[in-house]
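K.L.:
The following comprises the amino acid sequence and a computationally predicted model.
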Amino acid sequence: MISDLDLALKMADRADEIALKRFRALDLFVESKPDRSPVTDADRAVETELRSLVAEYRSEDTFIGEEFENTGSGNRNWIVDPIDGTANYLRGVPIWASLIALRVDGVITTSVVSAPALGRRWWAQRGNGAFTMDVNGSVRALQVSRISQLEDSSISYNNLQLWDQSGQLNQLIELSRKVWRTRAYGDFYSYMLLAEGSLDLVAEHDLKIYDIAALVPIVEEAGGSFSALSGPLTDASSSVMASNGLLHTQFQQVLK
């Protein structure tokens, strides 16, 4: 039987194929969901295909996705964002990815983040490390940075407007005065750069479980820490932060 990781990688292959075919298509269909976030025909096509693969290979498992209602019940949950970074996708910006995670008995055990327009992919399994495949096809293990001083750190905050809406813009500005460098790389990509050791902190607001789940094992298996801004990570967490671990408490103290 196909392993959980191999199934997640197979799902990523199919997601890449479908999404790339529609990327920058002149007839891409776009509409706004009730929360005013955009959705495209590619988002729905990818999720439909991934649901089909789970039904074929893991018919007993549940599926939690962004575009359609949750299905099934049980202790094994596939959590999927078919295209993370839809706003980038529909504007032709290549920073978008399919996020695929498996949670077993409440623990996210397996995840894949696949960004075909960048030619990149990242994956992790609990206890077995985190890895990435570079553009040239080579595979390497991931390790977070060893930066331990706030003034030497590089951070990504993702979306300035959401910090303002959350009432925490002043905290972000205060943090920016204490660190070496600030950027807003966006969506999944900031967390993958953190896992690679290129960033030391990522923090953002207004997320859902399917935005977060696949990121957690990759960051943690690379040696980093992942939490809500205010404490432990839960299904309801919306404002989150990830760090190299050495700076986590310092960042929390500034951002709380």
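P.N.:
Received the coordinates, thanks.
K.L.:
remind me which residues of the stretch 1-150 of the chain are low pLDDT?
P.N.:
Applying pLDDT under 70 to the stretch 1-150 of the chain flags no residue at all.
K.L.:
residue ranges of the helices in it, please?
P.N.:
4-22, 41-57, 86-91 (DSSP state H, counting those that start in this stretch).
K.L.:
out of the ones you listed, which comes closest to Gln143?
P.N.:
For the helices of the stretch 1-150 of the chain, proximity to Gln143 was assessed by Cβ to Cβ; helix 4-22 is nearest, at 19.7 Å. All C-beta spots, glycine's among them, are computed from the backbone N, C-alpha and C.
K.L.:
list the helices and strands the closest one packs on?
P.N.:
Helices and strands touching helix 4-22, by 3 or more Cβ pairs under 8 Å, 6 or more residues apart in numbering; DSSP states H and E, are helix 41-57, strand 76-84, strand 97-104, strand 107-115, strand 120-125.
K.L.:
Same list, those, but as a markdown table with mean neighbour count and distance to Phe63 please.
P.N.:
Output for the helices and strands packed on helix 4-22, formatted as a markdown table (neighbours: other Cβ atoms under 10 Å; distance: least, Cβ to Cβ, whole Å):
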| stretch | mean neighbour count | distance to Phe63 |
| --- | --- | --- |
| helix 41-57 | 19 | 5 |
| strand 76-84 | 26 | 5 |
| strand 97-104 | 26 | 11 |
| strand 107-115 | 23 | 14 |
| strand 120-125 | 23 | 19 |
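K.L.:
Would you mind putting the ones you listed into JSON lines with distance to Arg183 alongside?
P.N.:
Putting the helices and strands packed on helix 4-22 into JSON lines (distance: least, Cβ to Cβ, whole Å) gives the following:
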{"stretch": "helix 41-57", "distance to Arg183": "26"}
{"stretch": "strand 76-84", "distance to Arg183": "18"}
{"stretch": "strand 97-104", "distance to Arg183": "18"}
{"stretch": "strand 107-115", "distance to Arg183": "17"}
{"stretch": "strand 120-125", "distance to Arg183": "18"}
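K.L.:
Quick one: closest of these to Leu26.
P.N.:
Counting by Cβ to Cβ, Leu26 lies closest to helix 41-57 out of the helices and strands packed on helix 4-22; the figure is 12.7 Å.
K.L.:
Next, format the helices of the stretch 1-150 of the chain as TSV and append distance to Asp211.
P.N.:
As requested, the helices of the stretch 1-150 of the chain are arranged in TSV below (distance: least, Cβ to Cβ, whole Å):
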stretch	distance to Asp211
helix 4-22	16
helix 41-57	13
helix 86-91	11
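K.L.:
can you give me the strands in the stretch 101-250 of the chain?
P.N.:
Applying DSSP state E, counting those that start in this stretch to the stretch 101-250 of the chain gives strands spanning 107-115, 120-125, 130-133, 139-141, 154-156, 181-183, 201-204, 225-228, 240-243.
K.L.:
could you dump the ones you listed to TSV with distance to Glu174?
P.N.:
Formatted as TSV, the strands of the stretch 101-250 of the chain follow (distance: least, Cβ to Cβ, whole Å):
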stretch	distance to Glu174
strand 107-115	30
strand 120-125	31
strand 130-133	31
strand 139-141	35
strand 154-156	12
strand 181-183	12
strand 201-204	13
strand 225-228	19
strand 240-243	15
